[in-house]
Structures are given as C-alpha cells and as structure tokens.
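A.B. asks: requesting a structural model of the entry that follows:
(chains A and B)
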Amino acid sequence: MKKILILISLFCCLPAGAQEIVAHYSALSNQDLSAPDPQANLWDDVAKTTVILLPQVVTPPSRVQTTVQKLNVQAIHNNVWLALRLTWDDPTQDFQMQSHHASDACAIQFPVREFDKTSPFMGTKDYGVAIYYWKAAWQKDVEAGFQGIKELYPHTWVDSYEFGEEIALNAHNPVSLQKRRRPVEDLIAAGFGTLTTQQQQNAEGSGVWQEGSWSVVIARQLATGDEQDPQLSVGTKTGLSFAIWEGSQGDVGGRKNYSMWVPLTVKAN
Amino acid sequence: MGDVQNWQLNRKMKYPYEEKRPRRQVAYVFDTNKCIACQTCTVACKTTWTSGRGQENMFWNNVETKPYGFYPKAWDVKLLNKLGSQKWGGTTYKGKTVFESAPFGERAQGYLPEQSEYAHPNIGEDEVSGVVDKGAFFQGIHNVWMFYLARICNHCTYPACLAACPRKAIYKREEDGVVLVDQSRCRGYKECVKACPYKKSFYNMVTRTSEKCIACYPLLEKGEQPRCVQTCIGKIRLQGWLSKPQAVNPDNPIDYIVHVKQVALPLYPQFGLEPNVYYVPPINVPREFLLQMFGPRVDKAIELYRQVKADKKLLAAFLLFGNTPKIITRFEAAAKEAIGYNDKGDEVVRVPYTEPFFQRPLFDSKHQVYRHNTA
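C.D. replies: Take a look at the predicted model:
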C-alpha cells in the first residue's frame, strides 16, 4: 500500500509536460457525435496527442511488459457531445469470447472531482473515477449479433438446454448482456477491484480495425445529468487517462497498458 | 500477504489473505478403491447445474482414469511441471506451493487451458499404465495399473481462485466454507480459471463469467449431502463437516477418517490450498505415483485401509457412505451396526457390519419355477 501511495504522489506531482489534449469546437457541429464514426473525415484535421503507455505493475494480476506502447488521442466537441478518438497499432483483431481468448479493448478514465487529487490507479474512496470502456467483442455483438455457441462453434450439437439456466444473466450481470445496443460501458471505480457498472449508461462509441490498427471513438455528453459522471462544460480543465488491452496477449482486467493523467481542456472554439 | 497455517503441509505458508477458517468446513471423503467410473455423479451434477448454454463442455464433477485421464487435458502434469521440486521432509512440505512460486505480478502459479483442452472430458478412459505382457492376465497380479479419480471443487481452505480474483467476486462462506463465484460481480477475467490448480473453475462463454461447483448448497442448507454424493451407486462418497485441526471430534465420521485415522488424504497437498476432498488412496497403485498425488501419509493410509475390517470404529465410519441422503455429524460403532446421526441428534442411518444372509430353495413351489440365473 505504501508503495502505491508513493507511486500515486509521484505521478500526481509530475508536470503535465508536452502532453495535453485539447477538445476544440468542431466546425462540423452538425455532425451527430452521439453516433460516432471512427473513420469520418472530420477527424483528419484534428490534432493528435501521442500518449505513452506503461505496463500495469502496481497491483496483481499485472503485465511485466507493455503489449501496446502508445496510442494517439484526438478530441472534439460540439457544445453538447465530447468525442475522443483513440488509435493504436494492433496487428491482430481479437474479439472472440472462447475461454482462452481475450478481447481487444480500450478505456478512458475521468476523475469525478479534482484531477490533481485523484489517483490514476482507478481512483480512491474519496476521489473516484468514471470510466468509459469499449470492447471489441461488444462491437462484434452490436454489428453481427451476440456471439453464442453456434456462432463460435457452428457444428456444435446439443441435445437440449431445457433445464439449463444462465445464472449471471438472471443476476443481471452487465457483462452477460445478450442484446447489446452499444459497445461501450459507463463505469465507476474508487480503488482497485471496485470497478462497477454505472446505473445509467450514457456513453456511445464505435471501433473499426483496419490494416493493423484500431480506431475507436468514445463519446459522451458534456453535461450528462448523471451524478456518477463528472459534469463537463466548455472551459472545463480536467485530466484523462487511458488503457489499452491487447487480446492476443491475454490482456484482461488489470493486465493492461495504461497511461498517467493527461490534461484535457474543452475549448470554446 | 498472510502467513497462514496449512496443516496438510505441517507448516506456515504465504497466502494473499490472513488465515480465517469458516465455522465449519464442507468436506468429502472419496474412496477411490470403490469407484467404477460409472459417471452417475458426473451426470447428476451435469443435469442439475450445468446443462445451460455455455456449459456444454463444463463438468463441475468428472471422473478421470489415472494415469492418462485428465479433464481438462493434462491439468495436473502441466502444473506439476511448473511447480518444480516438491520434496517432503517427513510430513513437512519443503517445496513451494502455487502461492509461494507465483511469478511477479501473479497471485498464484497457474495456466489458462485452451478451449480444446476441455473438448474430451473422458480422454484416457480405462487406459492402463503400460502394455500388458503376453499371458499376464492369467498369472495373478497384473504388471499394469490404473484407477478412477472422481473430482469436484475442493472448497479449499486457501482457495487459489479466491486469491486470484482481482474483484473479490469469489468468496468463502463463513457458515460452511463453500467457495462461490458471485455471478453478479464476476467480469469474466478468468483469473480464477488460470489460478485453480485443480481446474475446477470454468469460463462460460455465453454468460461471459466464470462458474464453479457450489457444493449443492441448497441441499447442504437443509441438512442433505450434495447430488454427486447422494447418487453415487458405488457408495464411495461421504460428505460432512470437517472440524478445525485443533478441535477434532472423533465421533464426527469425517473428522475420524481424515484427522484421527488419516486414512483419507488431500489431492496434491503440495499445491498449498488445503483442499477439502479427501481420498482413500488406491491400494494397488505404485507408491511413487501415490506419494506425488496424495503426499507422505499415503503408506500409512493404505496400511490402515487394508486392515479396516479389524478396526470396528473405522469400519463403522466407512459403512455410513452412500446409505443416507442426510448429512451425518455424529456416528457410533454399536455392537452389530454403524449408526449415524444428524446435527439435531436424530438417527438418520443404521447399517449392519455384516449384511444378513438368506438362502432360498432352488425350486419355488408357489410359482412352480426354479430359481437360477441361466436361461
């Protein structure tokens, strides 16, 4: 615990340096950012910030080495929606849900309160975080329907499921959703192991894998009206941090590549 | 990181949490010498708990033929290879447990099986250890061996699944020591699947959560033994409550067999989980194999088991197996019968040491038929 606190204080005190993300007002304000398209032309002119990723070694289970070293982040807003595009190199597209597979994924973390007092390591009890998490497997669910046994193993034969039950589904576990409308999940956390699905799901997103890289847009309204989200507005200065999971390397949960806080400014123009 | 006492290793060991034993611990004794691998337990469990979508290849209970049967494939030999030297000094384990040998960034030494490794749940069935020499079948003792190993979750005192879950979605119940995955909290990271050395935590690719044996806790809560125990036609199983090592009750049949007589032994105690399914070792299997699988107490256990007829109380404890659906918390070796009682003190089973013998005439004059079993 002491080690973690030292790390937190060390990284929280780091100057922002050259890294900064500025969300300008998009001239294409008629673009519907609530249905984001990672390949839309509007992203061509948006400045990219390169964010360096670190292997998660603060708490087990962890990664000894990064599986993705960096990502590019772009941000825009239209006074109502804030959209961030994350792009990173990944030679394999991993979205399958068999037991030995892991899905590619990414996440953006916001401090719920002052970002300079919030730990980038999933927050703390008093300074929590909101996380918007996109997963390739969910993208596949949205685009092609739920990946059930028949989709994963087309030649499967089963006599009967008559007496079977899907307990996690009955328990309303959000990871078990069979009809997923969006590939993004809104979460909160207040320390390691506390990740919890938000009661209201506001974020939207979409991801495309092409020629060895993922482009994922995650969008949320600046003012969501959801008390579990930090409320943003034009002029807000806060911080963001990021995580990337490389499915082919078994990245899942805490086995991830993460970044420290990167300052974010939502500019009026 | 806790420094916890593991009585099966006769020493303290590292574990991510402090020692906290439940009020009573669900425990089982399986007599491998009586198992015929009929798989009735497997089917009883399967139809009760794992016949849903995503559970097609999931067997919370399985029976595998040793030495070449595995479910999932090669589960134990893979981990034994990773664990390195597993030496014992007397009854004290000198090697490293899965927790003590965990690589950096891991809570336990382990591996995640491939999906295909679950595809053949009865692989190696009835395979013997080697080639039978020509004519050996007619010459008394065979030069090859095999035995059936029935396996369920061990509801360990120090579960690796629980230790590995970063979300604390796995918990051990204080009232009975049953280890459960909270199906509303699990996010399907499969850390438990990777960490459980017995590979008794499974990933369900439809619910996208991990699932495992629940010790039929709805039955336990009404004083009955689990389905796999109740349905065992070979009467190889007994489920009950194991007392803490310092509070052994010799009138509790599980305590008597496990703690007092030590005739039933944990499976791979060197993994360090203090598993709570105890096996009577197979008596006709090479000693080296059994030492690796059940630890250093194996010789004494076999010796005692061979003499069970001369030990009235031990015989009485064994006669309770498979003769009542109720959980026996106290037993008595009466003059001619073994008697079992539940926790309310009610008699729930009475088994004679010797079955009554009836001899009937060859010819049944009432039905005008001969009683014989040939056509």
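A.B. asks: residues from the stretch 151-300 of chain B in reach of chain A?
C.D. replies: Residues of the stretch 151-300 of chain B found near chain A, taking Cβ under 8 Å from any Cβ of the partner chain as the criterion, are B:164, B:166-168, B:183-191, B:193, B:202-209, B:211. Where you see a C-beta, it was placed from the backbone N, CA and C, and this is true even at glycine.
A.B. asks: among those, name the buried ones.
C.D. replies: B:164, B:166-167, B:183-191, B:193, B:202-209, B:211 (16 or more other Cβ atoms under 10 Å in any protein chain shown).
A.B. asks: in strands, which of those residues fall?
C.D. replies: Residues of those located in strands (DSSP state E): B:F202, B:Y203, B:N204, B:T209, B:E211.
A.B. asks: for the third one, which non-adjacent residue is closest in space?
C.D. replies: The shortest distance from B:N204 to any residue that is not its chain neighbour, by Cβ to Cβ, 6 or more residues apart in numbering or on different chains, is 3.9 Å, and that residue is B:G54.
A.B. asks: once you drop chain neighbours, what's closest to the one residue in chain A that gets nearest to chain B?
C.D. replies: Nearest residue of chain A to chain B (Cβ to the nearest Cβ) works out as A:G164 at 2.7 Å. In this structure, A:G164 finds its nearest non-sequential neighbour in B:G52, 2.7 Å apart by Cβ to Cβ, 6+ apart.
A.B. asks: what sits against the one you found?
C.D. replies: A:Y161, A:G164, A:E165, A:E166, A:I167, B:V206 (Cβ atoms under 8 Å, 6 or more residues apart in numbering or on different chains).
A.B. asks: how about it, secondary structure?
C.D. replies: Secondary structure, DSSP: H, G, I helix; E, B strand; the rest coil: B:G52 is coil.
A.B. asks: wait, A:M260 sits on A:P120?
C.D. replies: Yes - the pair formed by A:M260 and A:P120 meets the contact definition of Cβ atoms under 8 Å, at 5.3 Å.
A.B. asks: may I have the distance across stretch A:37-49, first residue to last?
C.D. replies: Chord length of stretch A:37-49, first to last residue, is 19 Å (Cα to Cα, to the nearest Å).
A.B. asks: I misspoke; the intended subject was stretch B:41-58.
C.D. replies: 14 Å.
A.B. asks: try stretch B:49-61
C.D. replies: 10 Å.
A.B. asks: what about chain A, any weak spots by pLDDT?
C.D. replies: A:1-18, A:27-31 (pLDDT under 70).
A.B. asks: where along it do the helices fall?
C.D. replies: A:2-13, A:136-144, A:149-152, A:167-170 (DSSP state H).
A.B. asks: do chain B as well
C.D. replies: Using DSSP H, helices in chain B cover B:40-49, B:75-83, B:160-164, B:191-195, B:217-220, B:227-230, B:253-255, B:287-294, B:298-306, B:312-319.
A.B. asks: which of the residues in the shortest one are buried?
C.D. replies: In this case it means helix B:253-255. For helix B:253-255, by 16+ other Cβ under 10 Å, it's B:P253, B:I254, B:D255.
A.B. asks: same check on the longest one?
C.D. replies: For helix B:40-49, a neighbour-count test (16+ other Cβ under 10 Å) marks B:T40, B:C41, B:T42, B:A44, B:C45, B:K46, B:T48, B:W49 as buried.
A.B. asks: name the nearest residue to the last one, sequence neighbours excluded.
C.D. replies: Read it as B:W49. B:W60 (6.1 Å).
A.B. asks: which residue, other than its chain neighbours, is closest to B:G223?
C.D. replies: Per Cβ to Cβ, 6+ apart, closest to B:G223 is B:I327, 5.4 Å.
A.B. asks: what's the closest non-adjacent residue to residue 112?
C.D. replies: No chain specified, so I'll use chain A. In space, A:V112 is closest to A:G128, 4.6 Å off (Cβ to Cβ, 6+ apart).
A.B. asks: that's the other chain; I wanted chain B
C.D. replies: Nearest to B:L112 is B:K194, by Cβ to Cβ, 6+ apart, at 4.4 Å.
A.B. asks: the one you found: what's it in contact with?
C.D. replies: Here B:K194 is in contact with B:G110, B:Y111, B:L112, B:A164 (criterion: Cβ under 8 Å, 6+ apart).
A.B. asks: right, I'll call it a day here.
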